[in-house]
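Visitor: sequence and computational prediction follow.
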Amino acid sequence: MCGIWALFGSDDCLSVQCLSAMKIAHRGPDAFRFENVNGYTNCCFGFHRLAVVDQLFGMQPIRVKKYPYLWLCYNGEIYNHKKLQHHFEFEYQTKVDGEIILHLYDKGGIEQTVCMLDGVFAFILLDTANKKVFLGRDTYGVRPLFKAMTEDGFLAVCSEAKGLVNLKHSMTPFLKVEPFFPGHYEVLDLKPNGKVASVEMVKYHHCRDEPLHALYDSVEKLFPGFEIETVKSNLRILFDNAVKKRLMTDRRIGCLLSGGLDSSLVAATLLKQLKEAQVQYPLQTFAIGMEDSPDLLAARKVANHIGSEHHEVLFNSEEGIQVLDEVIFSLETYDITTVRASVGMYLISKYIRKNTDSVVIFSGEGSDELTQGYIYFHKNGIEKHLLRETFEDSNLIPKEILWRPKEAFSDGITSVKNSWFQILQDYIEHQVDDTVMASAAQKFPINTPKTKEGYYYRQIFEHHYPGRADWLPHYWMPRWTSATDPSARTLTHYKASAKA
């Protein structure tokens, strides 16, 4: 990941404002740059770089000789940049995938640009010739983007909200910081004084619609009366392509491996493709858990099956509890299930950064949403049935892993006898008493916490981001089932599958 940051129309000293950009320095450990915009003394870009491709010419904001009036700061990966380059016969100046945004914009404008991109991205594009600023974000919001804008036209944009909350503006003592909507782009006019005015916000793609770049996919179209085997074949093609197109990097690749269906399929497919590409290093896989955790045992079986260089990260309950503050600060949320599940991810990410040279990390994230992976979508006691059947004869992973029932990540990393869910309840019971819970609605009128765990997280969040509770629209809770807590441990389907 990289960190992008930009200001337009700042009334305060830019050298002071730029200190806020250092709040996201963790996003780009390899290099950083601040650059003023020619002719606009109150506008500037900030960029923290994680060098994944073109380490020599990949610094941002990207500017090329052909378009001296365009400035681009983006975070993400554009998987089809080479296809588009060859299709339109664009002449590249760098090897950076994001350069395609400049060429597409010059050729067909912003609408065609964002619709043609197959990737995950958030960008700030400045066109000084036409006095325009464009903001854009990928369909699902995989790459984060936040903005703050005042009535007099001061605009601030950043990969994380923490890079905006301390900015100064003469007319607004408390800047309203909001997430930029996924699947949208915004057009703004750039005025001579460096300030901006929003022209339009456009939803360029809905997740129900086939994206424009899908025209290049090699899957078979489905018509009424289609065969289920055609669907399975398409799934295998799409899955394989999804892994393959993410190999575009000059840095070492690794993979998170929980021993669940999704990360196991990704790791096995990834290792197979790395061998086909004759990559000279072994694939490193990473699992995290407490002693006797189901995930560690399952991940070990998968690693042995596929032959990866496997790393196991052990942690105890005290270490998990100690990082709750850091996790909430990093996530910028107090959502209960997000915080719970992110502790393990945070610890394993720190391990990878400190102890290995793997930089581009694959995972099985997103599959639950795409393939009905939540436990209440079970069929005959198991969820993701179609995905499992699709890879039944592939021998990619052991059969027992292919048909391993869903294990919630925040529970799978701990012992069956004492789950992470229960560890948190036991600890927080002594941190939040009944009297403060009774006045929770008065203290926290927005998204009032209903449990002591929710109250505890909210206190930490308010310490770091006072008055920003509206960043979370609502707590995540399971749908289509009656539940009072987001943990899968409380669901009857979970208990039934655990006994099976």
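Guide: Nice, I can see it. Note that the coordinates shown come from a computational prediction; the quantities given were computed from them, not determined experimentally.
Visitor: which parts of stretch 133-150 are buried?
Guide: Within stretch 133-150, the residues scored as buried using 16 or more other CB atoms under 10 Å are 133-139, 141-150. Bear in mind the C-beta positions are built from the backbone N, C-alpha and C, glycine included.
Visitor: got it, and stretch 3-19?
Guide: Buried residues in stretch 3-19, counted by 16+ other CB under 10 Å: 3, 4, 5, 6, 7, 8, 9, 10, 17.
Visitor: mind checking the pLDDT average for the strand or helix carrying residue 16?
Guide: For residue 16, the host element (DSSP states H and E) is helix 14-17. Here helix 14-17 scores 91 as its mean pLDDT.
Visitor: with stretch 185-196 instead?
Guide: Averaging pLDDT along stretch 185-196 yields 97.
Visitor: with stretch 253-270 instead?
Guide: 97.
Visitor: residue ranges for the strands of the stretch 1-150 of the chain, please.
Guide: Using DSSP state E, counting those that start in this stretch, the strands of the stretch 1-150 of the chain run over 3-8, 31-37, 40-49, 62-64, 67-78, 119-127, 132-137, 146-149.
Visitor: likewise the stretch 201-350 of the chain?
Guide: Along the stretch 201-350 of the chain, counting by DSSP E, counting those that start in this stretch, strands occupy 252-256, 284-289, 309-314.
Visitor: neighbouring strands for the shortest one, and are they parallel or not?
Guide: In the sheet containing strand 252-256, the strands it pairs with under DSSP bridges are strand 284-289 (parallel), strand 358-362 (parallel).
Visitor: and it, which residues are buried?
Guide: Of the residues in strand 252-256, 252, 253, 254, 255, 256 count as buried by neighbour count, 16+ other CB under 10 Å.
Visitor: cool, stretch 81-89 as well?
Guide: Neighbour-count burial for stretch 81-89 flags 81, 84, 85 (criterion: 16+ other CB under 10 Å).
Visitor: in a markdown table: the strands of the stretch 1-150 of the chain, plus mean pLDDT and distance to residue 320.
Guide: Converted to a markdown table, the strands of the stretch 1-150 of the chain look like this (pLDDT from 0 to 100; distance: least, CB to CB, whole Å):
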| stretch | mean pLDDT | distance to residue 320 |
| --- | --- | --- |
| strand 3-8 | 97 | 27 |
| strand 31-37 | 94 | 31 |
| strand 40-49 | 95 | 28 |
| strand 62-64 | 95 | 40 |
| strand 67-78 | 97 | 29 |
| strand 119-127 | 97 | 29 |
| strand 132-137 | 98 | 32 |
| strand 146-149 | 98 | 28 |
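Visitor: relative to residue 192, which of those strands is closest?
Guide: strand 40-49 (8.7 Å; CB to CB).
Visitor: still on that earlier bit, would you turn the strands of the stretch 201-350 of the chain into a markdown table with distance to residue 183?
Guide: Formatted as a markdown table, these follow (distance: least, CB to CB, whole Å):
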| stretch | distance to residue 183 |
| --- | --- |
| strand 252-256 | 26 |
| strand 284-289 | 31 |
| strand 309-314 | 35 |
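Visitor: please identify the most buried of those strands.
Guide: For the strands of the stretch 201-350 of the chain, the largest average neighbour count (mean count of other CB atoms under 10 Å) is found in strand 284-289, namely a mean of 26.
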